[in-house]
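Trainee: Show me how the following folds:
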Amino acid sequence: MTEERKAHDAARRIVDSPEVLKALSHPLRLRVLRHLGATGPATSTTLAAALGENTGTLSYHLRMLERSGLIEDIPERSTGRERWWRGVRGLDIRRPPQEGLTEAERAVSAELDRMRAEEDVELARRFAAGQAESEGWMRGSRSLTHLTKGELDAFHDDYLALLARYARGPEDAPDDARPVLLRWFGLPAD
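Mentor: From the prediction side, this is the model:
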């Protein structure tokens with residue numbers, strides 16, 4: 001492992017607690033995280049307007065996300081009762097080992113998987129429908145290879161390192177950058 005990669009990995013914090021899983025398993029919280037990740041910091045009022053929700057509901061879900069360490073308050077931007085929120089950068093969110101979860105936590109994990117699968121199917125539809133007009137903004141690849149379990153683990157770790165290398169929020173992105181959704185998953189073909 002290169003020194004650059006070691007430093008980069010050290011800057012990322014692995015999060016794999018059941019509490020984070022629970023915070024992620026609500027559709028509105030996922031929408032809040034997506035909005036903050038795509039457009040940058042926001043208040044509960046601006047989030048409510050953007051997501052079509054009321055501020056009371058948003059405030060509750062923002063507190064849940066804050067408690068789980070997924071978002072943080074920006075004290076230098078907050079004034080009086082108005083709090084500005086941003087997604088926490090440098091998180092490597094991973095699923096907790098299934099054998100360590102209770103039945104209730106496994107149910108939460110399954111619900112999160114269901115919601116993410118629905119979102120992935122919708123993204124695949126958007127990809128198929130819009131690729132020709134995307135002016136090169138949509139890219140994809142599918143492949144079949146033969147890997148050992150260890151090689152699959154290494155591939156996954158390399159993918160996460162690649163994501164970390166390019167990770168930045170809207171406030172750090174060049175003017176011509178756009179928010180881009182990326183997905184990777186591997187599963188046996190037999």
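Trainee: give me the element Leu33 is part of.
Mentor: Leu33 is part of helix 27-39 when elements are defined by DSSP states H and E.
Trainee: Now do that helix: distance to the chain's middle.
Mentor: Between the centre of helix 27-39 and the centre of its chain there are 9 Å (CA atoms, centre = their mean, to the nearest Å).
Trainee: moving C-terminal of that helix, what's the next helix or strand?
Mentor: Following helix 27-39 in sequence, per DSSP H and E, is strand 42-43.
Trainee: so what strands line up beside that following strand?
Mentor: According to DSSP bridges, strand 42-43 forms sheet pairs with strand 84-87 (antiparallel).
Trainee: And the next helix or strand past the strand it pairs with?
Mentor: Counting by DSSP H and E, what follows strand 84-87 is strand 91-93.
Trainee: Just the residues contacting that next one, thanks.
Mentor: Under the contact criterion CB atoms under 8 Å, 6 or more residues apart in numbering, strand 91-93 has outside partners 12-16, 20, 24, 69-70, 160, 164. Every C-beta, even on glycine, is put in place using the N, C-alpha and C of the backbone.
Trainee: about what we covered before: counting contacts, what elements does the helix holding Leu33 pack onto?
Mentor: Under the contact criterion of 3 or more CB pairs under 8 Å, 6 or more residues apart in numbering; DSSP states H and E, helix 27-39 touches helix 18-24, helix 44-51, helix 55-67, strand 71-73, strand 84-87, helix 103-130.
Trainee: Quick check: Arg77 is in a strand.
Mentor: No: counting by DSSP: H, G, I helix; E, B strand; the rest coil, Arg77 is located in no strand; its state is coil.
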